[in-house]
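*Asks:* Sequence and predicted model, in that order:
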Amino acid sequence: MSPESLARTVARDRRPEPASGADASRFVNAWVEEEALDGERVRAFVLILRTRGCYWADQKGCSMCGYARDTLGRSASPAELAQQLGRALGRYHDEPYVKLYTSGSFLDDREVDPGSREAIVRAFGGRARRLLFETLPEFAVEGALRPLREAFAGELEVALGLETTDPVVLARYVHKNAPPSEYLAAAGRVRAAGAKAKAYLLLKPPYLTESEAIADVVRSVGEAAASFDALSVNPVHIQGGTVVEWLYRRGRYRPPWLWSIVEALRAGAAVRGASRLVSFPTAGGLPRGPHNCGRCDAEVLAAIEEASLDQRFERLDGLDCPCRESWAAGCRFEPLGVEA
Ligand code: SF4
Ligand SMILES: [Zn+2]
């Protein structure tokens, strides 16, 4: 099967049937995690709303993204979104940092209509100091950003899934719908609207070797640093219903080593300029997430998180384990980015 037809087959198979009203009144998930805000450690409230999800996931979708499975298969009505918000506020305890996700773009009217967007942002006004949401670059326009700036008294942060500054890697391996230049332009519009811009960078898209993946992230940090206030290195974890899972099941993809995150952060720290550089790996230490040998995973993950929170990357210098040599040898000799 060609990569193109594989991507479209996977996209078709993961799409859910249109959901009932009962499902649409419930958000996907909410939790509290540790974060840093203006040099201070704070608690962050993370909320995933249930919406129609990313339009691009219907057409082709990105090779590592399975978020379409958490969507409604149709648009949520304003009343359904208000019910989700009401339930979420019942779990919210004035955490100073709020992160909103929709399994797509908060600024896409098909996912969250403009009135609901303002109501959601306003609900956290005066309670949260910073509110983050994610969007594709084409929706980050002045007309969508300005009402939200006016509705929220604190700081807005707009996250863009840039993934890589290499146009070939982004189009052919990640399968994004727009080139890196559009993400950089969107970051400029976000900043012009008075918000902070954050980029997600993907560590180890399929078809790259481990060492190519590290080099791709480090180069991307350097090339994106001037456009973004924060850069988050997101190592691939295997999500259901994705091209990456298809390859993983056939022994043709290994999630990145934690050593690769360590290396990407150490080298990236030297070229990040004034932007924050962080990594909070999902599914770290698990077979389907970034992992090492199993014995050192907890210690390495803790160091990655600490360095991300306080930006002291020298914390990563003294880490070691016998598996580090296996990783280094793999980086030197791995022929195709493939491990059985
Ligand atoms: S990674 Fe983002 S753009 Fe790509 S399919 Fe997932 S939600 Fe859509
Ligand atoms: Zn180890």
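*Replies:* Okay, I see it. Ligands and ions are numbered 1, 2, ... in the order given.
*Asks:* what sits against the closest residue to Arg146 other than its chain neighbours?
*Replies:* Nearest non-adjacent residue to Arg146, counting by Cβ to Cβ, 6 or more residues apart in numbering: Ala193, 6.2 Å away. Quick note: C-beta positions are derived from backbone N, CA and C, even for glycine. Neighbouring residues of Ala193 by Cβ atoms under 8 Å, 6 or more residues apart in numbering: 142, 145-146, 149.
*Asks:* tell me the pLDDT at Ala193?
*Replies:* pLDDT for Ala193: 97.
*Asks:* quick one: secondary structure of the residue of the stretch 51-200 of the chain found nearest ligand 2?
*Replies:* For the stretch 51-200 of the chain, the residue closest to ligand 2 is Met64, as judged by Cβ to the ion, at 24.2 Å. Three-state call for Met64 (DSSP: H, G, I helix; E, B strand; the rest coil): coil.
*Asks:* how about the strands of the stretch 151-300 of the chain, start to end?
*Replies:* 155-163, 196-203, 230-235, 276-278 (DSSP state E, counting those that start in this stretch).
*Asks:* quick revisit: out of the contacts of Ala193, flag the one nearest to ligand 1.
*Replies:* Nearest to ligand 1 among the contacts of Ala193, counting by Cβ to the nearest ligand atom, is Leu145 at 18.7 Å.
*Asks:* List the residue ranges of the stretch 201-340 of the chain that fall below the pLDDT cut-off.
*Replies:* 335-340 (pLDDT under 70).
*Asks:* about what we covered before: let me have the strands of the stretch 151-300 of the chain in JSON lines, extended by mean neighbour count.
*Replies:* Listed next are the strands of the stretch 151-300 of the chain as JSON lines, based on neighbours: other Cβ atoms under 10 Å:
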{"stretch": "strand 155-163", "mean neighbour count": "23"}
{"stretch": "strand 196-203", "mean neighbour count": "24"}
{"stretch": "strand 230-235", "mean neighbour count": "23"}
{"stretch": "strand 276-278", "mean neighbour count": "20"}
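*Asks:* got JSON lines for the ones you listed, with distance to Ile304 too?
*Replies:* Compiled in JSON lines, these are given as follows (distance: least, Cβ to Cβ, whole Å):
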{"stretch": "strand 155-163", "distance to Ile304": "19"}
{"stretch": "strand 196-203", "distance to Ile304": "11"}
{"stretch": "strand 230-235", "distance to Ile304": "9"}
{"stretch": "strand 276-278", "distance to Ile304": "9"}
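*Asks:* Just to check, Val32 is in contact with Tyr92?
*Replies:* No: under the criterion of Cβ atoms under 8 Å, Val32 makes no contact with Tyr92, lying 9.3 Å away.
*Asks:* residues shared between the contacts of the two?
*Replies:* Phe45.
*Asks:* The residue of the stretch 201-340 of the chain found nearest ligand 1: what's its closest spatial neighbour, skipping adjacent residues?
*Replies:* Nearest residue of the stretch 201-340 of the chain to ligand 1: Leu202, at 8.8 Å (Cβ to the nearest ligand atom). Leaving aside its sequence neighbours, Leu202 sits nearest to Glu163 (Cβ to Cβ, 6+ apart; 4.1 Å).
*Asks:* does the residue sitting nearest the centre point of the chain have beta-bridge partners, and which?
*Replies:* Closest to where the C-alpha atoms of the chain average out (Cα atoms, centre = their mean) is Tyr200, at 5.2 Å. Tyr200 forms beta bridges with Ser232, as assigned by DSSP bridges.
*Asks:* how near is it to Met64?
*Replies:* Distance, Tyr200 to Met64, using Cβ to Cβ, to the nearest Å: 11 Å.
*Asks:* Let me see the backbone angles for the residue lying closest to Glu334 once chain neighbours are set aside.
*Replies:* Residue nearest to Glu334 in three dimensions, not counting chain neighbours: Thr209, with 4.9 Å by Cβ to Cβ, 6+ apart. Per-residue torsions, Thr209: phi -70, psi 170 (degrees, to the nearest 10).
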